[in-house]
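> turn this into a structure:
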Amino acid sequence: MRGWNVDLEPRGDIRPDFVISKGPQRYVVEFKSAGEGRPDRVLPLLSQAILQVRRYAELNVMSPLAVIQVNHATSSLHRKVEQFQRNYAPDVAVGLVSQAGASHFIGSPDLEDLNVEAPRNSRKGNSAQPRKSSDLFSDLNQWMLKVLLAPELSEKLLSAPRAEYRSVSQLADAAQVSAMSASRFVRRLQEDGFLDDAGHSLRLVRRRELFRLWQSSAMRSSPELRMSYLIPSASSAQLHKIAARLDGCIGLFAAADLLHVSHVSGVLPYVYVRRLSPPSGDWRGLVPVKAGESARVILKQPNAPQSLYRGAVRVDGVLVSDILQIWLDVSAHPSRGAEQAALLKHKVLAGVLGHSE
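Next up is the predicted model:
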């Protein structure tokens, strides 16, 4: 970054997004993304960033820098941002960066070397490439969504830290992910309008649309094996022993039953395993079913193992999928999955999923 050092994990009880330094010059930075370069979107975010970064600067005895990212920054937007900074925050340095590669910093001569003009061939609308909705639902992003939603759910239904997060760094610490991963996640939520930009903490909004997209993303198929027990037993303890032996996590309808939110019976139990491989000594007690034979259990490899295992709860000594994971997984299941998902939505997850919006 042109000779500047970047600290993505600054210390302190109230932490900025990151700190930049060059020699004796040190700036605390609050970074926000507006997506569109419209003044009515940019200026409120800039105002919030200025308020926050002033506080960080006081606590850390550094200079404040508020940075806003947009997809395209026009000369008109530059003028409005300059006027806003001059009229309301002359003590705070401000940066306006675009996805086309341009950056414009005002309020401090120390930052002039960071100014970059937009490429000559860049045109409005060409700087940002279309992204799939699945980008928002990467493995770690799904886990961070669960962390943001955890305060609204019982610990018996979801294993995750429960707190109010006022910054990206606080979310990163709680979720045990890198500051960069958390920053990208929050930025994407802001760009897509799923984060309340006016609040003092990270709060999800437009949840119906968010969960519709998450549900669609979760419909991807994943590898699975249909298995039978070497010595069948009618006891549910046999499933628990197999799951524990495989470092597995009971999922879907069997998980709903263990969490006492079941609506559908008679469906084969699923056990998520970290990796499907040919049966070995660790798989003792299980045998693959042959054509025409009936399976007793289905082993499944998760598409998002970090989210699955981190959010899982422990019931009777065995890992069980959390309530959000169950809802996602049963939604597209052909064996009355829609009924089970509807029950969870209306009886357990109505507020969380935005059903009450």
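> how about the most centrally placed residue in the chain, secondary structure?
For the chain, the residue nearest the mean C-alpha position is Asn141 (2.8 Å; CA atoms, centre = their mean). Secondary structure state of Asn141, per DSSP: H, G, I helix; E, B strand; the rest coil, is helix.
> ok, the residue nearest to Tyr229 when sequence neighbours are not counted - how many residues close by?
The shortest distance from Tyr229 to any non-neighbouring residue, by CB to CB, 6 or more residues apart in numbering, is to Arg296 (5.3 Å). Placement of C-beta: from N, CA and C, glycine included. The criterion is other CB atoms under 10 Å. On that basis, Arg296 has 19 neighbouring residues.
> any idea how far Gln48 is from the residue nearest to the centre of the chain?
23 Å (CB to CB, to the nearest Å).
> ok, Leu204 next?
For Leu204, the distance to Gln48 - CB to CB - is 17 Å.
> ok, now Lys156?
Counting by CB to CB - Lys156 and Gln48 are separated by 36 Å.
> for Pro288, same thing?
57 Å.
> next one: phi and psi at Ala175?
Phi and psi for Ala175, reported as degrees, to the nearest 10, are phi -80, psi -10.
> pull the contacting residues for it.
140, 143-144, 147, 161, 182 (CB atoms under 8 Å, 6 or more residues apart in numbering).
> mean confidence score for the longest helix seen in the chain?
Ordering each helix of the chain by length in residues (DSSP state H) puts helix 39-60 first. Taken as a whole, helix 39-60 has a mean pLDDT of 90.
> roughly how far is that helix from the heart of the chain?
When distances are taken as CA atoms, centre = their mean, to the nearest Å, helix 39-60 is centred 23 Å away from the chain's centroid.
> just stretch 87-103 next, same as before
27 Å.
> list the contacts of that stretch.
By CB under 8 Å, 6+ apart, stretch 87-103 touches 27, 37, 42, 46-47, 50, 53-54, 63-73, 77-78, 81, 85, 104-108, 110-111, 114-119, 122, 126-128.
> mind listing the helices for the protein?
In the chain, the helices defined using DSSP H lie at 39-60, 75-88, 139-149, 168-175, 179-191, 207-217, 237-245, 252-258, 305-311, 323-330, 337-347.
> packing partners of the first one?
Taking 3 or more CB pairs under 8 Å, 6 or more residues apart in numbering; DSSP states H and E as the contact definition, the neighbouring helices and strands of helix 39-60 are strand 25-35, strand 63-70, helix 75-88, strand 93-98.
> do the same with the last one
The criterion is 3+ CB pairs under 8 Å, 6+ apart, and the helices and strands that helix 337-347 contacts are helix 252-258, helix 323-330.
> okay if I get those as a markdown table plus distance to Ser167, mean pLDDT and mean neighbour count?
Below are those laid out as a markdown table (distance: least, CB to CB, whole Å; pLDDT from 0 to 100; neighbours: other CB atoms under 10 Å):
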| stretch | distance to Ser167 | mean pLDDT | mean neighbour count |
| --- | --- | --- | --- |
| helix 252-258 | 34 | 94 | 24 |
| helix 323-330 | 24 | 94 | 26 |
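> so which of these is nearest His346?
Nearest to His346, of all the helices and strands packed on helix 337-347, is helix 323-330, at 11.2 Å by CB to CB.
> what angle do that closest one and helix 139-149 make?
In terms of direction (axes from the mean of the first three to the mean of the last three CA atoms, to 10 degrees), helix 323-330 departs from helix 139-149 by 130 degrees.
> next, the angle from helix 323-330 to helix 337-347.
Using the same axes, to 10 degrees: helix 323-330 against helix 337-347 is 150 degrees.
> which other residues reach helix 323-330?
Against helix 323-330 from outside (CB under 8 Å, 6+ apart): 146, 149, 153, 157-158, 214-215, 218, 251-253, 255-256, 259, 261, 270, 307-308, 311-312, 321, 337, 340-341, 344-345, 348-349, 352-353.
> let's go with 7 Å and repeat that
146, 149, 153, 157-158, 214-215, 218, 251-253, 255-256, 259, 308, 311, 321, 337, 340-341, 344-345, 348-349 (CB atoms under 7 Å, 6 or more residues apart in numbering).
> can you give the distance from that helix to the centre of its chain?
That offset, for helix 323-330, works out to 16 Å (CA atoms, centre = their mean).
> likewise for stretch 318-330?
Centre to centre, stretch against its chain (CA atoms, centre = their mean), the figure for stretch 318-330 is 17 Å.
> may I have it exported as PDB, CA atoms only?
Below are the C-alpha coordinates for stretch 318-330, written out as PDB (Å, rounded to 0.1, in the frame of the first residue of the first chain):
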ATOM      1  CA  VAL A 318     -23.300 -36.500  20.000                       C
ATOM      2  CA  LEU A 319     -23.100 -33.500  17.700                       C
ATOM      3  CA  VAL A 320     -26.400 -32.400  16.200                       C
ATOM      4  CA  SER A 321     -27.000 -29.800  13.400                       C
ATOM      5  CA  ASP A 322     -28.100 -26.400  14.700                       C
ATOM      6  CA  ILE A 323     -31.600 -25.200  14.000                       C
ATOM      7  CA  LEU A 324     -30.700 -22.900  11.100                       C
ATOM      8  CA  GLN A 325     -28.700 -25.700   9.400                       C
ATOM      9  CA  ILE A 326     -31.700 -28.100   9.800                       C
ATOM     10  CA  TRP A 327     -34.000 -25.500   8.200                       C
ATOM     11  CA  LEU A 328     -31.700 -25.000   5.300                       C
ATOM     12  CA  ASP A 329     -31.100 -28.700   4.700                       C
ATOM     13  CA  VAL A 330     -34.600 -30.000   5.000                       C
END
